[in-house]
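I would like to see how this sequence folds:
(3 chains)
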Amino acid sequence: MNHKLEIRNLTKTFNTEEGELKALDNVSIEVKPAEFLCIIGPSGCGKTTLLRMIAGLEHPSSGEIILDGKEVKGPSPDRGMVFQEFSLFPWRTVIKNVTFGLEIQGIGREERYRIAEKYIELVGLKGFENRYPYELSGGMKQRVAIARALATDPAILLMDEPFGSVDAQTRNALQEELLEIWKRTKKTILFVTHSVDEAVYLADRVAVMSARPGSLIKCLDIDIPRPRKRTSVEANMFREQLLMLLSIERSKASISV
Amino acid sequence: MEKRTAVIGWIVAAGIIAVVVFGTGCIEEKEPAPPEMTTLNIGYQPSTHQIAAMLAHEKGWWERDLARFGIEKVTMKEFPSGPPEMHAMLSGDLDIAYVGVAPPIAAMYEGLDAKIVAGVQTQGSAIVVRPELADEYKRKGALSLKGKKIATFPPGSIQHTILSKWLLDNGIDPEKDVDIKAMGPSDAATAIGAKTVDAVFLPSPTPTIIEEEGKGVIVEWSGSMWPNHACCCLVASGRMIREHPEMLKQIIKTHINATEYEIAHPDEAAEIYAKWENANVATIKHSINATDMRWIHDPRLEIESGIEYAKVIYELNKDRYESKGIKVLEAEDIFDTRFYDEVTGKR
Amino acid sequence: MKLPGKDMWLWTVPLAIALLLWEFIAGYVVRDPLLLPRFSAVIFSIYALRGVLISDILVSLLHFGIGLGLAFAAALPLAIAMGWSRSIFKAIDPIIEVLRPIPPLAWIPLAMVWFHLTHYAAGFIIFIGAFFPILLDSYTGFRDVPRVLVETGKVLGCIRDRKLIKYVAFPYALPFIATGTRVGMGVGWMCVVAAEMFGVSDSGLGYRLFQKFYFLHQMDYVVAYMLVLGLVALCLDRLFRHFVEDRLFKWKRGIVK
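This next block holds a predicted model:
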């Protein structure tokens, strides 16, 4: 089977004032097409660094990142990214934010707007096209960010704790909407999170990373059928498993300071 | 809430108003300085026209002659030209001024309390053109200046007044046909050297200095533009006239002595000027020889020109003066010859 | 109780009181039109000067326009370079910091030698006044572009610096540029009198104030022109705010307020 994304022996070392800092240690993952993969791990384990390298914003010290059979060299709209912080361009309206990537590619105005409206409707914000970001709530902003990332029809969607800045109820609503979007667009999604609950609810598979320097400990297949219940017995079982893995890693981190 | 802020605002405003009114009232309470005067402020300009002032100071005559009136210090204040000097006199910073006849008249129209009490010098200014333009001037005279840039002293000065009148007499409109730029003597000398202006009209010794530096050619002396025109004079503030008449008479006496001395010893006069203004002694001596200026001390020699200046200045500012009900100044508004007459025994 | 147009009273009444106070103090306390011309005399002067007033204002605005235009054209490219590249900033900033504190008036002798007695000499002094505020605020805008916006631009297809500057940095910096321009306009206008007082032109508010009114001791005309200078500055400022800041920067309202 052809993998959508292959990460082979990825290592990243940062040169800081205090010396060398190894963030990632020989990480290898394979992601299947249309798969929803969550990456979870203790703080500082390098999961954000991993995502940023896939996005092309950082360069690996060694190893390869292969998307659709081609090596990743730098940032590109074929890897859409949704950041944790609010990242909408405040001077552009909703629809102008969403058309941004298309505008850069030189696509004509009518075509851009047609595509953008499709995705704005997909994230449930029809009618808000001409609003400015300052008029939107946190949840709405992230939804626009998702629409914007999808508008360029990326091969893979990277999400770095996108729902971390909103309140718990909005978060749950956004998770459900994301699953809906995923179902309709059939995108491959790489989702970094702190929250075990979130991972269990959303993911086909969960990759658990160790404490720094981050390496892959275990990949857990979440085989609960969808639509999932957050409080089902199977969900709890997976939650327990993951929490235990994480607490082991956390205690390892505090010992090896 | 809003009402309270507004009330506080009014109280603060009322407080400020009260302070301002009482404060200015207090300033008014202060009487003019008591009759005891220990410092005399004399204004002058860097021109050979006014060497008498420098000479008297250089030889210590001011302080020597005025010591018996209680004067401990005589301060000499230099100004680039007459109008700023009169502005200082208007603010009460000068008691005596060596200045052209026109600037105090212009200042009197605006309320200067002073009178011309003695003469200093007549004629002595010259038009200098850039060397390339000298031939044109020889051929066409005044008309060659049409469309040119001329630097001279500011409006209200002798030079500006004489130049304006002379241009008018030659059929040239000083506002429209030429571009007259106002500046001080050193700025004008720099300007003609940098070819920023085409001609200058300045009092001695600057015209000679420019010529010796090869930056210009003297083509006309003011005596041929307006024969025997009065140039510099001695102005005394109204306060000096009213409160210190005896001191004023002595000042005039000292001035007469200085004037007689410089007439008799032109080379020494040149040396004193060169020392004061950091100029080349030989150039200054040459200037005094070449110039058409005459050192004088009798104010009567200046009355005729003075009345003319008063009329010309009035014409130039007619709209303003008429709207304020200001009339043309007459001889008695401008001159006060009593002190000179008493000193010289003329009655 | 809300009075109609309550806000208007807040500034018109103190202004009226100040003017009455001026009239009273000038007319009955100071009683010397050279020391303090009366407000009524000043108003009459404006009427008396109506023949030259308009052309003076226009010539001063011409000098102002030359200076401001040049300042803008010079400051903006420099601001982009200094804001975007840390090394360019470090290289040029010391020179800027030495030149900046030199008062525009101190440049007058050089201006007279370089540009002689032309409109450009006056424009140059105004240029010096306006240049530094525009430069400083503008490069701050370019320098402080949030990293998340820059990275969003990258992942949406702005790979080269030129595209990032055009689509991300410049729109972000625009309000800063506007602020700097407004400050620069204020300083530049203040230099008008200094620029014109040396007779570089035959008209202009500063020229007439210094070359004519001052030398002829016409203090009521002096004060009248002072007022005109202040009023023109007020108009320029308000017009700029209305047409540039209020219209273009609706989106900043959400951030600042």
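
from here on, contacts and neighbour counts on C-alpha atoms
Noted.

which intervals of chain C have sub-threshold pLDDT?
C:1-6, C:199-200, C:250, C:252-257 (pLDDT under 70).

which residues of it lie near chain B?
Residues of chain C lying close to chain B by C-alpha under 8 Å from any C-alpha of the partner chain are C:10, C:14, C:21, C:25, C:29-30, C:34, C:48, C:113, C:116-117, C:198-199, C:202, C:211-212, C:215-218.

weed out the non-buried ones from the residues you listed.
Among those, the ones that count as buried by 16 or more other C-alpha atoms under 10 Å in any protein chain shown are C:21, C:25, C:29-30, C:34, C:116-117, C:198-199, C:202, C:211-212, C:215-218.

just list the residues touching the residue in the stretch 101-250 of chain B that chain A sits nearest to, thanks.
The minimum distance from the stretch 101-250 of chain B to chain A, using C-alpha to the nearest C-alpha, falls at B:Thr196 (50.7 Å). For B:Thr196, the contacting residues are C:116-117, by C-alpha atoms under 8 Å, 6 or more residues apart in numbering or on different chains.

pLDDT at it, what is it?
pLDDT for B:Thr196: 86.

in a strand, that's where it is, yeah?
No. Under DSSP: H, G, I helix; E, B strand; the rest coil, B:Thr196 sits outside any strand and is assigned coil.

residues contacting C:Pro103?
Taking C-alpha under 8 Å, 6+ apart, we find C:Pro103 in contact with C:Gly129.

close to chain C: what parts of the stretch 101-250 of chain B are there?
By C-alpha under 8 Å from any C-alpha, the part of the stretch 101-250 of chain B that sits against chain C consists of B:106-107, B:110-111, B:154-156, B:179, B:181-183, B:194, B:196.

could you list which of the residues you listed belong to strands?
Judged by DSSP state E, the subset of these located in strands is B:179, B:181-182.

please look at B:Leu112 and B:Gly92 and confirm they touch.
No. Using C-alpha atoms under 8 Å as the test, B:Leu112 is too far from B:Gly92 to be in contact (9.6 Å).

what about whichever strand or helix holds A:Glu110, average pLDDT?
Using DSSP states H and E, A:Glu110 maps to helix A:109-122. Mean per-residue pLDDT for helix A:109-122: 94.

near chain C, anything from it?
No. Using C-alpha under 8 Å from any C-alpha, helix A:109-122 stays clear of chain C, coming no nearer than 14.0 Å.

how about the strands in the chain?
No chain was given, so I picked chain A. Secondary structure of chain A (DSSP E): strands located at A:5-16, A:19-31, A:36-40, A:62-67, A:70-71, A:79-82, A:156-160, A:188-193, A:205-209, A:216-221.

look at chain B instead
Under the criterion DSSP E, strands of chain B are mapped to B:39-44, B:73-78, B:96-100, B:114-122, B:125-129, B:149-152, B:179-182, B:199-203, B:217-221, B:230-237, B:294-295.

got any ranges where chain A has weak pLDDT?
Within chain A, the segments meeting pLDDT under 70 span A:1, A:253-257.

flag every residue of it that's near chain C.
Residues of chain A lying near chain C (C-alpha under 8 Å from any C-alpha): A:55-57, A:75-77, A:79-81, A:83, A:85, A:87-91, A:100-101, A:104-105, A:132-135, A:149, A:152.

give me the neighbour count for the closest residue to A:Arg250 other than its chain neighbours.
Nearest non-adjacent residue to A:Arg250, counting by C-alpha to C-alpha, 6 or more residues apart in numbering or on different chains: A:Pro42, 6.4 Å away. Number of residues near A:Pro42 (other C-alpha atoms under 10 Å in any protein chain shown) recorded here: 22.

close enough to count as contact, A:Pro42 and A:His194?
Yes. With contacts defined as C-alpha under 8 Å, A:Pro42 counts as touching A:His194 at a distance of 7.4 Å.

coming back round to it: inside strands: which ones of the residues of chain C next to chain B?
Secondary structure defined by DSSP E assigns none of the residues of chain C next to chain B to strands.

which one is whichever residue of chain B sits closest to chain C nearest to, not counting chain neighbours?
Per C-alpha to the nearest C-alpha, B:Pro83 is where chain B lies closest to chain C, at 5.0 Å. Among residues not flanking B:Pro83 along the chain, C:Phe215 sits closest, at 5.0 Å (C-alpha to C-alpha, 6+ apart).

so how far is B:Glu271 from that neighbour?
32 Å (C-alpha to C-alpha, to the nearest Å).

now C:Thr12
Counting by C-alpha to C-alpha, the gap from C:Thr12 to B:Glu271 is 64 Å.

what's the local residue count around A:Lys126?
Residues lying near A:Lys126 (other C-alpha under 10 Å) number 12.

and A:Gly19, by the same measure?
8.

what do you get for A:Ala168?
By other C-alpha under 10 Å, neighbour count at A:Ala168 equals 11.

do the same with B:Arg139
Neighbours of B:Arg139 under the rule other C-alpha under 10 Å: 10.

now swap in C:Trp114 and tell me
The burial count for C:Trp114: 12, using other C-alpha under 10 Å.

got the contact list for it?
C:Trp114 sits next to C:Ala121 when contact means C-alpha under 8 Å, 6+ apart.

give the contact list for residue 80.
Defaulting to chain A. Contact analysis of A:Gly80 by C-alpha under 8 Å, 6+ apart lists A:55, A:149-150, A:152, A:154-158, C:155-156.

that was the other one, I meant chain C.
Per C-alpha under 8 Å, 6+ apart, neighbours of C:Ile80: C:138-139, C:142.

now those as a markdown table including secondary structure, distance to chain A and neighbour count?
Formatted as a markdown table, the contacts of C:Ile80 follow (DSSP: H, G, I helix; E, B strand; the rest coil; distance: C-alpha to the nearest C-alpha, whole Å; neighbours: other C-alpha atoms under 10 Å in any protein chain shown):
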| residue | secondary structure | distance to chain A | neighbour count |
| --- | --- | --- | --- |
| C:Ser138 | helix | 17 | 29 |
| C:Tyr139 | helix | 19 | 25 |
| C:Phe142 | helix | 15 | 26 |
